[in-house]
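Student: Requesting a structural model of the entry that follows:
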Amino acid sequence: MIVHDSETDQGIVRWREQGDADARLTAFWHHGTPGIGAPPTPLLDASEELGIRWLSFDRPGYGGSSPTDSWSIVDAAAVTQHVADVAGAGRFSVVGHSGGGPHALACAALLGDRVSAAVSVSGLAPYDAARLDWFAGMYDGGVAELRTAVTGADALRAFLEDLDDDPAMFTEADIEALEGTWSSFGGLAAAGVAEGLGGVVSDNLAYVNPWGFAVESVAVPTLLVHGTDDRIVPVSHSHWLEQHVPGVHLWERPGDGHISVMGAGFDVLDWLIAHA
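Tutor: Numbers count the residues shown, from 1 in each chain. Prediction:
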């Protein structure tokens, strides 16, 4: 994996590339919270076999990217376009997991023909989604964190500084995945907070503030993947998105949680190739 730093309107953006520039398909990975932009390790061998190149970047406050409290979901489109241009990628697909899901949808809504397809895995719906009980089914710690985000950055920082990990966020299937195939997620999360909590603050503020675009404006083939037992982002979020994103498909995964749902990742690769 090759790591680069670029100067943008958002400050320094650290981005990564994995795979050949002349690959069959370029896919852009949008990471979750907390995390850094390294694409999912368990999918890399299969991606190489299928001819998929990955691009990704650290969102503000994570890894080597400059922190900010003014990040909005819509900003992902401009940064993604910048990285794609610098990396020489013409058209590309976008894939986001968890908090990366909204960022992938922003690209699908705003970058036109540059985006061939979009995937949101365990992704959030907008905080102002009409007739969606946004917190229903979410574990208590997540509810408290995001309700605090609504009150602003200072309160959120104070909340996060006293926050301990809550095992209630994960199902048994999630724990099995984190101890097995998807153990790399633990390292990515740790790397995301290694320099402090700036990235987590920036992300959470963006989730509960206006996203800056309408999901109804997504105009590319879009796939939603969600586990029915997800406690971090309840499956109701994807149910809402299914009703509002034009031409979307939902793969609902019975019994999967927030991490174990990534077992569908290999099928997602095939879907991306089919929609390249």
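Student: In the protein, where is pLDDT below threshold?
Tutor: Low-confidence segments of the chain, defined by pLDDT under 70, are absent.
Student: what residues are up against the most centrally placed residue in it?
Tutor: Note on the chain: the residue nearest the mean C-alpha position is residue 100, at 1.2 Å, using CA atoms, centre = their mean. The contact partners of residue 100, taken as CB atoms under 8 Å, 6 or more residues apart in numbering, are 29-32, 120, 123. Using the backbone N, CA and C atoms, a C-beta is placed for each residue, glycine as well.
Student: Need the three-state assignment for residue 273.
Tutor: Using DSSP: H, G, I helix; E, B strand; the rest coil, the structure places residue 273 in helix.
Student: Quick check: it touching residue 50?
Tutor: Yes: Residue 273 is within contact range of residue 50, at 5.7 Å (criterion: CB atoms under 8 Å).
Student: Among the contacts of residue 100, which one has the most neighbours?
Tutor: The most crowded member of the contacts of residue 100, judged by other CB atoms under 10 Å, is residue 120 (34 neighbours).
Student: ok, how many other residues are close to the closest residue to that one other than its chain neighbours?
Tutor: Spatial nearest neighbour of residue 120, chain neighbours left out: residue 101 (3.4 Å); criterion: CB to CB, 6 or more residues apart in numbering. Residue 101 has 30 neighbours, counted by other CB under 10 Å.
Student: which neighbours do residue 273 and residue 50 share?
Tutor: With CB under 8 Å, 6+ apart, residue 273 and residue 50 have common neighbours 24-25.
Student: so of the contacts of residue 100, which ones are in strands?
Tutor: 29-30, 120 (DSSP state E).
Student: Which of these sits closest to residue 164?
Tutor: Proximity of those to residue 164 (CB to CB) peaks at residue 30, which lies at 26.9 Å.
Student: Who are the contact partners of that closest one?
Tutor: 37, 56, 76, 80, 94-97, 100-101, 103-104, 107.
Student: Beta-bridge partners for it, please?
Tutor: Beta bridges link residue 30 to residue 96, judged by DSSP bridges.
Student: Quick check: it vs residue 121, distance?
Tutor: 10 Å (CB to CB, to the nearest Å).
Student: Give me the common contacts of those two.
Tutor: Between them, residue 30 and residue 121 share the contacting residues 95-97, 101, judged by CB under 8 Å, 6+ apart.
Student: got the ones in strands among the contacts of residue 100 as a markdown table, with distance to residue 112 columns?
Tutor: What follows is the ones in strands among the contacts of residue 100, written out as a markdown table (distance: CB to CB, whole Å):
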| residue | distance to residue 112 |
| --- | --- |
| 29 | 20 |
| 30 | 18 |
| 120 | 19 |
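Student: just those residues now: which is nearest residue 160?
Tutor: If you rank those by distance to residue 160 using CB to CB, residue 30 comes first, at 21.4 Å.
Student: Okay, the closest one and residue 76: tell me how far apart.
Tutor: Relative to residue 76, residue 30 is positioned 7 Å away (CB to CB).
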